[in-house]
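Student: Could you look at this predicted model? Sequence included:
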Amino acid sequence: MSFRLPRRRSLLQLSLSALAVAATAFAALPQAAQAQSGRTVRLLVGFPAGGGTDAIARLLAEKLKDELGGANVLVENKPGAGGQLAAQALKSAPADGSTFFLTHDHTVSILPLVVKTPGFDTAHDFTPVAGFATFANAWAVSGGTPAKTMAEYVAWVKNTGNGKGAVGIPAPASVPEFLVKVVAEKYKLDLVAAPYRGSAPMMADMLGNQIAAGLGSIPDFIENHRHGKLRVVAVMGDKRQAQLPDVPTLAELGLPGFEDLPFYGVFAPAGTPKPVTDAFSAALAKVVALPDVKERLTAMGLTVGFVPGAQFSAKERAYSAAWAKVIKATGFVPQ
(Lines give C-alpha, C1' and ligand atoms only; values in the text may rest on other atoms or scores of the structure.)
Protein backbone atom coordinates (compact mmCIF):
# COMPACT_ATOMS: atom_id res chain seq x y z
CA MET A 1 0.00 0.00 0.00
CA SER A 2 2.85 2.32 0.69
CA PHE A 3 3.66 2.33 -3.02
CA ARG A 4 0.14 2.47 -4.49
CA LEU A 5 -1.10 5.65 -2.80
CA PRO A 6 1.61 7.97 -4.17
CA ARG A 7 1.14 6.42 -7.62
CA ARG A 8 -2.60 7.16 -7.56
CA ARG A 9 -1.90 10.69 -6.40
CA SER A 10 0.63 11.13 -9.21
CA LEU A 11 -1.82 9.87 -11.82
CA LEU A 12 -4.50 12.21 -10.48
CA GLN A 13 -2.10 15.16 -10.69
CA LEU A 14 -1.20 14.25 -14.28
CA SER A 15 -4.86 13.98 -15.23
CA LEU A 16 -5.62 17.36 -13.72
CA SER A 17 -2.64 18.89 -15.52
CA ALA A 18 -3.78 17.43 -18.83
CA LEU A 19 -7.26 18.81 -18.29
CA ALA A 20 -5.82 22.23 -17.53
CA VAL A 21 -3.76 22.22 -20.74
CA ALA A 22 -6.77 21.14 -22.77
CA ALA A 23 -8.92 23.85 -21.21
CA THR A 24 -6.30 26.49 -21.99
CA ALA A 25 -6.03 25.35 -25.60
CA PHE A 26 -9.81 25.32 -25.97
CA ALA A 27 -10.05 28.84 -24.56
CA ALA A 28 -7.46 30.04 -27.05
CA LEU A 29 -9.51 28.71 -29.96
CA PRO A 30 -13.00 30.15 -29.56
CA GLN A 31 -13.43 31.00 -33.23
CA ALA A 32 -11.90 27.77 -34.49
CA ALA A 33 -14.43 25.88 -32.39
CA GLN A 34 -17.23 28.04 -33.73
CA ALA A 35 -15.99 27.56 -37.29
CA GLN A 36 -16.20 23.83 -36.82
CA SER A 37 -19.80 24.17 -35.75
CA GLY A 38 -20.82 25.97 -38.95
CA ARG A 39 -19.57 29.51 -38.60
CA THR A 40 -18.97 31.56 -41.76
CA VAL A 41 -15.33 32.39 -42.43
CA ARG A 42 -14.73 35.27 -44.85
CA LEU A 43 -11.95 34.89 -47.39
CA LEU A 44 -11.27 38.37 -48.77
CA VAL A 45 -10.09 38.79 -52.37
CA GLY A 46 -8.92 42.17 -53.62
CA PHE A 47 -9.83 41.65 -57.27
CA PRO A 48 -13.08 41.19 -59.22
CA ALA A 49 -14.95 37.94 -59.67
CA GLY A 50 -13.87 36.15 -62.81
CA GLY A 51 -10.16 36.90 -62.53
CA GLY A 52 -7.31 34.51 -61.75
CA THR A 53 -7.11 35.31 -58.04
CA ASP A 54 -10.85 34.91 -57.63
CA ALA A 55 -10.80 31.50 -59.33
CA ILE A 56 -8.00 30.32 -57.04
CA ALA A 57 -9.83 31.55 -53.94
CA ARG A 58 -13.08 29.82 -54.89
CA LEU A 59 -11.32 26.54 -55.58
CA LEU A 60 -9.62 26.58 -52.17
CA ALA A 61 -12.70 27.82 -50.30
CA GLU A 62 -14.72 24.87 -51.56
CA LYS A 63 -12.18 22.41 -50.15
CA LEU A 64 -11.39 24.33 -46.96
CA LYS A 65 -14.96 23.83 -45.80
CA ASP A 66 -14.31 20.16 -45.10
CA GLU A 67 -10.88 20.72 -43.54
CA LEU A 68 -12.32 23.37 -41.20
CA GLY A 69 -14.99 21.03 -39.93
CA GLY A 70 -17.87 22.26 -42.03
CA ALA A 71 -17.23 26.00 -41.84
CA ASN A 72 -18.91 28.07 -44.54
CA VAL A 73 -15.89 29.63 -46.25
CA LEU A 74 -17.26 32.59 -48.17
CA VAL A 75 -15.19 34.36 -50.83
CA GLU A 76 -15.81 38.10 -50.54
CA ASN A 77 -14.57 40.23 -53.44
CA LYS A 78 -13.47 43.76 -52.58
CA PRO A 79 -11.95 44.94 -55.86
CA GLY A 80 -10.22 48.25 -56.30
CA ALA A 81 -6.84 49.95 -55.99
CA GLY A 82 -4.86 46.77 -56.62
CA GLY A 83 -6.28 44.98 -53.59
CA GLN A 84 -5.86 47.97 -51.31
CA LEU A 85 -9.53 48.01 -50.30
CA ALA A 86 -9.45 44.35 -49.31
CA ALA A 87 -6.26 44.89 -47.32
CA GLN A 88 -7.83 47.79 -45.45
CA ALA A 89 -10.85 45.60 -44.74
CA LEU A 90 -8.58 42.94 -43.28
CA LYS A 91 -6.88 45.48 -41.05
CA SER A 92 -10.22 46.54 -39.55
CA ALA A 93 -11.58 42.99 -39.24
CA PRO A 94 -11.75 41.33 -35.82
CA ALA A 95 -8.70 39.21 -35.01
CA ASP A 96 -10.81 36.19 -34.14
CA GLY A 97 -10.36 33.80 -37.04
CA SER A 98 -13.48 34.90 -38.86
CA THR A 99 -11.65 36.80 -41.64
CA PHE A 100 -8.66 35.91 -43.81
CA PHE A 101 -7.16 37.51 -46.91
CA LEU A 102 -6.04 35.52 -49.96
CA THR A 103 -3.73 37.65 -52.06
CA HIS A 104 -0.68 37.73 -54.23
CA ASP A 105 2.44 39.81 -53.81
CA HIS A 106 1.16 43.05 -55.31
CA THR A 107 -1.08 44.11 -52.47
CA VAL A 108 1.09 43.17 -49.50
CA SER A 109 4.60 43.69 -50.90
CA ILE A 110 4.42 46.21 -53.76
CA LEU A 111 1.63 48.61 -52.80
CA PRO A 112 3.40 49.77 -49.61
CA LEU A 113 6.38 50.70 -51.81
CA VAL A 114 4.44 52.77 -54.35
CA VAL A 115 1.63 54.37 -52.34
CA LYS A 116 2.42 56.99 -49.71
CA THR A 117 -0.57 56.15 -47.54
CA PRO A 118 -1.87 52.67 -48.41
CA GLY A 119 -3.95 52.53 -45.25
CA PHE A 120 -2.18 49.46 -43.89
CA ASP A 121 1.26 48.23 -42.89
CA THR A 122 1.88 44.61 -43.86
CA ALA A 123 4.42 44.00 -41.10
CA HIS A 124 2.30 45.44 -38.29
CA ASP A 125 -1.32 45.03 -39.39
CA PHE A 126 -1.26 41.49 -40.79
CA THR A 127 -0.26 38.03 -39.62
CA PRO A 128 1.16 35.85 -42.41
CA VAL A 129 -0.71 32.54 -42.22
CA ALA A 130 0.92 30.59 -45.07
CA GLY A 131 2.07 30.75 -48.66
CA PHE A 132 0.85 28.09 -51.04
CA ALA A 133 2.11 28.85 -54.55
CA THR A 134 4.30 30.96 -56.79
CA PHE A 135 3.56 32.11 -60.31
CA ALA A 136 5.21 33.92 -63.16
CA ASN A 137 4.09 37.15 -64.70
CA ALA A 138 3.81 36.94 -68.45
CA TRP A 139 3.72 39.20 -71.50
CA ALA A 140 0.87 38.34 -73.84
CA VAL A 141 -0.41 39.72 -77.13
CA SER A 142 -4.03 39.76 -78.24
CA GLY A 143 -5.45 37.54 -80.95
CA GLY A 144 -5.72 40.49 -83.29
CA THR A 145 -1.98 41.03 -83.14
CA PRO A 146 -0.03 39.02 -85.73
CA ALA A 147 3.02 38.60 -83.47
CA LYS A 148 3.83 35.14 -82.16
CA THR A 149 7.06 36.05 -80.34
CA MET A 150 8.37 39.01 -78.38
CA ALA A 151 10.65 39.92 -81.28
CA GLU A 152 7.70 39.92 -83.67
CA TYR A 153 5.68 42.04 -81.24
CA VAL A 154 8.49 44.62 -80.99
CA ALA A 155 8.78 44.74 -84.78
CA TRP A 156 4.99 45.10 -85.12
CA VAL A 157 4.91 48.06 -82.68
CA LYS A 158 7.74 49.76 -84.55
CA ASN A 159 6.17 49.19 -87.97
CA THR A 160 2.51 49.91 -87.25
CA GLY A 161 2.65 52.25 -84.28
CA ASN A 162 5.85 54.15 -84.97
CA GLY A 163 7.27 52.60 -81.82
CA LYS A 164 4.30 53.58 -79.68
CA GLY A 165 1.87 51.23 -77.96
CA ALA A 166 -0.23 50.53 -74.89
CA VAL A 167 0.19 47.51 -72.63
CA GLY A 168 -2.59 46.51 -70.23
CA ILE A 169 -1.72 45.86 -66.61
CA PRO A 170 -4.07 44.65 -63.84
CA ALA A 171 -3.24 47.50 -61.45
CA PRO A 172 -1.31 50.78 -61.48
CA ALA A 173 2.17 50.94 -59.93
CA SER A 174 2.40 47.15 -60.02
CA VAL A 175 5.20 44.75 -60.97
CA PRO A 176 3.76 44.62 -64.52
CA GLU A 177 3.99 48.41 -64.80
CA PHE A 178 7.67 48.39 -63.90
CA LEU A 179 8.29 45.53 -66.32
CA VAL A 180 6.67 47.60 -69.09
CA LYS A 181 9.18 50.37 -68.34
CA VAL A 182 12.11 47.96 -68.46
CA VAL A 183 10.97 46.30 -71.71
CA ALA A 184 10.31 49.69 -73.34
CA GLU A 185 13.80 50.84 -72.44
CA LYS A 186 15.45 47.67 -73.73
CA TYR A 187 13.69 47.71 -77.10
CA LYS A 188 13.61 51.51 -77.43
CA LEU A 189 9.81 51.65 -77.59
CA ASP A 190 7.40 54.27 -76.34
CA LEU A 191 5.12 51.95 -74.36
CA VAL A 192 2.44 53.18 -71.99
CA ALA A 193 1.16 50.97 -69.17
CA ALA A 194 -2.65 51.05 -69.18
CA PRO A 195 -3.93 50.15 -65.69
CA TYR A 196 -7.16 48.23 -65.13
CA ARG A 197 -9.12 47.35 -62.01
CA GLY A 198 -7.94 43.77 -61.99
CA SER A 199 -7.14 41.18 -64.62
CA ALA A 200 -10.74 40.40 -65.66
CA PRO A 201 -11.45 43.75 -67.39
CA MET A 202 -7.96 43.75 -68.89
CA MET A 203 -8.60 40.30 -70.34
CA ALA A 204 -11.95 41.45 -71.73
CA ASP A 205 -10.25 44.24 -73.67
CA MET A 206 -7.49 41.94 -74.90
CA LEU A 207 -10.00 39.34 -76.10
CA GLY A 208 -11.95 42.12 -77.81
CA ASN A 209 -8.75 43.39 -79.44
CA GLN A 210 -9.19 46.74 -77.73
CA ILE A 211 -5.59 46.60 -76.53
CA ALA A 212 -2.76 44.80 -78.30
CA ALA A 213 -0.78 43.51 -75.34
CA GLY A 214 -1.08 42.83 -71.64
CA LEU A 215 1.20 41.98 -68.76
CA GLY A 216 -0.19 39.89 -65.92
CA SER A 217 0.10 36.53 -64.23
CA ILE A 218 0.09 33.23 -66.10
CA PRO A 219 -3.18 32.25 -64.33
CA ASP A 220 -4.77 35.25 -66.03
CA PHE A 221 -3.67 34.15 -69.50
CA ILE A 222 -3.22 30.40 -69.52
CA GLU A 223 -6.67 29.22 -70.67
CA ASN A 224 -7.02 31.77 -73.45
CA HIS A 225 -3.46 31.04 -74.56
CA ARG A 226 -4.33 27.33 -74.83
CA HIS A 227 -7.38 28.15 -76.92
CA GLY A 228 -5.44 30.49 -79.21
CA LYS A 229 -7.39 33.59 -78.22
CA LEU A 230 -4.16 35.33 -77.20
CA ARG A 231 -0.48 34.39 -77.12
CA VAL A 232 1.99 34.50 -74.24
CA VAL A 233 5.40 35.54 -75.62
CA ALA A 234 7.58 35.88 -72.49
CA VAL A 235 7.55 34.87 -68.82
CA MET A 236 9.35 35.79 -65.62
CA GLY A 237 11.39 33.26 -63.66
CA ASP A 238 14.75 31.51 -63.69
CA LYS A 239 13.43 28.79 -66.00
CA ARG A 240 10.64 28.23 -68.50
CA GLN A 241 7.27 27.44 -67.01
CA ALA A 242 6.03 23.84 -67.21
CA GLN A 243 2.68 25.00 -68.60
CA LEU A 244 4.40 27.03 -71.34
CA PRO A 245 7.56 25.13 -72.27
CA ASP A 246 7.94 26.91 -75.62
CA VAL A 247 7.78 30.43 -74.15
CA PRO A 248 11.17 31.97 -73.27
CA THR A 249 11.97 33.74 -70.01
CA LEU A 250 12.78 37.43 -69.87
CA ALA A 251 16.36 36.46 -69.01
CA GLU A 252 16.59 34.47 -72.25
CA LEU A 253 15.49 37.62 -74.06
CA GLY A 254 18.27 39.63 -72.44
CA LEU A 255 16.37 40.98 -69.43
CA PRO A 256 17.88 39.38 -66.32
CA GLY A 257 16.90 40.35 -62.78
CA PHE A 258 13.31 39.09 -62.79
CA GLU A 259 13.89 35.55 -61.60
CA ASP A 260 12.34 35.91 -58.11
CA LEU A 261 8.76 34.79 -58.62
CA PRO A 262 5.65 36.44 -57.14
CA PHE A 263 3.63 34.44 -54.64
CA TYR A 264 0.16 33.66 -53.40
CA GLY A 265 -0.59 33.44 -49.69
CA VAL A 266 -3.09 33.99 -46.92
CA PHE A 267 -2.99 36.63 -44.19
CA ALA A 268 -5.02 37.25 -41.03
CA PRO A 269 -5.48 40.43 -39.00
CA ALA A 270 -2.62 41.16 -36.60
CA GLY A 271 -3.29 39.73 -33.18
CA THR A 272 -5.15 36.66 -34.40
CA PRO A 273 -4.30 33.91 -31.89
CA LYS A 274 -1.56 31.59 -33.14
CA PRO A 275 -3.61 28.42 -32.57
CA VAL A 276 -6.26 29.89 -34.87
CA THR A 277 -3.81 30.76 -37.67
CA ASP A 278 -2.07 27.42 -37.20
CA ALA A 279 -5.40 25.63 -37.62
CA PHE A 280 -6.14 27.50 -40.86
CA SER A 281 -2.57 26.92 -42.07
CA ALA A 282 -2.86 23.18 -41.42
CA ALA A 283 -6.18 23.07 -43.28
CA LEU A 284 -4.70 24.96 -46.24
CA ALA A 285 -1.69 22.62 -46.35
CA LYS A 286 -4.01 19.63 -46.65
CA VAL A 287 -6.13 21.29 -49.33
CA VAL A 288 -3.28 22.27 -51.66
CA ALA A 289 -1.84 18.76 -51.30
CA LEU A 290 -5.04 17.17 -52.63
CA PRO A 291 -4.26 15.71 -56.08
CA ASP A 292 -7.25 17.32 -57.79
CA VAL A 293 -6.55 20.73 -56.25
CA LYS A 294 -2.86 20.61 -57.11
CA GLU A 295 -3.72 19.58 -60.65
CA ARG A 296 -6.17 22.44 -61.08
CA LEU A 297 -3.82 25.03 -59.57
CA THR A 298 -1.02 23.81 -61.81
CA ALA A 299 -3.33 24.05 -64.81
CA MET A 300 -4.01 27.66 -63.82
CA GLY A 301 -0.30 28.40 -64.10
CA LEU A 302 0.77 28.12 -60.46
CA THR A 303 3.67 26.21 -58.97
CA VAL A 304 2.22 24.74 -55.80
CA GLY A 305 4.45 24.78 -52.75
CA PHE A 306 3.22 25.18 -49.20
CA VAL A 307 5.19 27.58 -46.98
CA PRO A 308 4.27 27.84 -43.25
CA GLY A 309 3.72 31.18 -41.53
CA ALA A 310 7.18 32.13 -40.20
CA GLN A 311 8.95 31.06 -43.39
CA PHE A 312 6.33 32.79 -45.52
CA SER A 313 6.79 36.00 -43.51
CA ALA A 314 10.54 35.95 -44.19
CA LYS A 315 9.92 35.30 -47.90
CA GLU A 316 7.56 38.26 -48.15
CA ARG A 317 10.04 40.61 -46.48
CA ALA A 318 12.88 39.53 -48.78
CA TYR A 319 10.68 39.90 -51.87
CA SER A 320 9.62 43.39 -50.82
CA ALA A 321 13.22 44.45 -50.22
CA ALA A 322 14.30 43.20 -53.65
CA TRP A 323 11.53 45.07 -55.46
CA ALA A 324 12.20 48.23 -53.48
CA LYS A 325 15.56 48.40 -55.28
CA VAL A 326 14.00 47.81 -58.71
CA ILE A 327 11.33 50.44 -58.18
CA LYS A 328 13.86 52.99 -56.96
CA ALA A 329 16.02 52.34 -60.02
CA THR A 330 13.12 53.22 -62.36
CA GLY A 331 12.84 56.62 -60.70
CA PHE A 332 9.28 56.02 -59.61
CA VAL A 333 8.01 58.39 -56.94
CA PRO A 334 5.37 57.01 -54.52
CA GLN A 335 2.02 58.65 -55.15
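Tutor: That came through, no problem.
Student: you'd agree residue 257 is in a helix?
Tutor: No: going by DSSP: H, G, I helix; E, B strand; the rest coil, the assignment for residue 257 is coil, not a helix.
Student: Could you check how far the closest residue to it other than its chain neighbours is from residue 189?
Tutor: Distances taken as C-beta to C-beta, 6 or more residues apart in numbering put residue 326 closest to residue 257, at 7.3 Å, once the chain neighbours are dropped. Every C-beta, even on glycine, is put in place using the N, C-alpha and C of the backbone. For residue 326, the distance to residue 189 (C-beta to C-beta, to the nearest Å) stands at 19 Å.
Student: same deal with residue 335?
Tutor: In terms of C-beta to C-beta, residue 335 sits 24 Å off from residue 189.
Student: Looking at the two, which has the bigger crowd around it?
Tutor: A direct count of neighbours by other C-beta atoms under 10 Å for residue 335 and residue 189 places residue 189 higher, at 20 against 9.
Student: Test my guess that that one contacts residue 155.
Tutor: No: counting by C-beta atoms under 8 Å, residue 189 does not reach residue 155; the two are 10.6 Å apart.
Student: pLDDT score for residue 276?
Tutor: Per-residue pLDDT puts residue 276 at 96.
Student: ok, now residue 37?
Tutor: pLDDT, read off for residue 37, is 52.
Student: For the strand or helix carrying residue 182, what is the distance to the chain centroid?
Tutor: Secondary structure from DSSP states H and E places residue 182 in helix 175-187. In terms of C-alpha atoms, centre = their mean, to the nearest Å, the centre of helix 175-187 is found 21 Å from the chain centre.
Student: And it, what does it pack against?
Tutor: strand 137-142, strand 164-169, strand 190-195, strand 213-217, helix 309-329 (3 or more C-beta pairs under 8 Å, 6 or more residues apart in numbering; DSSP states H and E).
Student: Using a markdown table, lay out the ones you listed together with distance to residue 80.
Tutor: Putting these into a markdown table (distance: least, C-beta to C-beta, whole Å) gives the following:
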| stretch | distance to residue 80 |
| --- | --- |
| strand 137-142 | 21 |
| strand 164-169 | 15 |
| strand 190-195 | 12 |
| strand 213-217 | 17 |
| helix 309-329 | 22 |
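Student: Figure out which of these is closest to residue 256.
Tutor: helix 309-329 (12.0 Å; C-beta to C-beta).
Student: what residue ranges in this protein score low on pLDDT?
Tutor: 1-38 (pLDDT under 70).
Student: tell me the contacts of the residue nearest the centre of it?
Tutor: Centroid-nearest residue in the chain: residue 104, 1.9 Å away (criterion: C-alpha atoms, centre = their mean). Counting by C-beta atoms under 8 Å, 6 or more residues apart in numbering, residue 104 makes contact with 53, 135, 217, 262-265.
Student: can you do 7 Å?
Tutor: Residues near residue 104 by C-beta atoms under 7 Å, 6 or more residues apart in numbering: 53, 262-264.
Student: quick one: which of those residues has the most company?
Tutor: Result: residue 53 is most packed of the contacts of residue 104 (other C-beta under 10 Å), 30 neighbours.
Student: My reading is that it lies in a strand. Confirm?
Tutor: No: checked against three-state DSSP, residue 53 lies outside a strand; its state is helix.
Student: Skipping adjacent residues, who's closest to it in space?
Tutor: Closest to residue 53 by C-beta to C-beta, 6+ apart is residue 47, at 4.8 Å.
Student: Now do the one you found against residue 257, distance only.
Tutor: 26 Å.
Student: more neighbours, these two?
Tutor: More neighbours surround residue 47 than the other of residue 47 and residue 257, with 28 against 13 (other C-beta under 10 Å).
Student: Helix, strand, or coil at that one?
Tutor: coil.
Student: How about the contacts made by it?
Tutor: 53-54, 79, 83, 198-199.
Student: Quick check: of these, which lies closest to residue 166?
Tutor: residue 199 (16.1 Å).
Student: do you know how far that closest one is from residue 331?
Tutor: 26 Å.
Student: which of those two has more neighbours?
Tutor: residue 199 (27 against 7).
Student: Pretty sure that one sits against residue 216.
Tutor: Yes: counting by C-beta atoms under 7 Å, residue 199 does reach residue 216; the two are 5.1 Å apart.
Student: what's the longest strand seen in the chain in contact with?
Tutor: Longest strand in the chain, counting residues (DSSP state E): strand 126-135. With C-beta under 7 Å, 6+ apart as the test, strand 126-135 has contacts from 90, 100, 108, 217-219, 261-270, 272, 277, 280-281, 284-285, 288, 297, 301-309, 312-313, 315-316.
Student: Domain-wise, how is the chain divided?
Tutor: Split into domains by automatic domain parsing, the chain comes to 30-135+261-329, 137-235.
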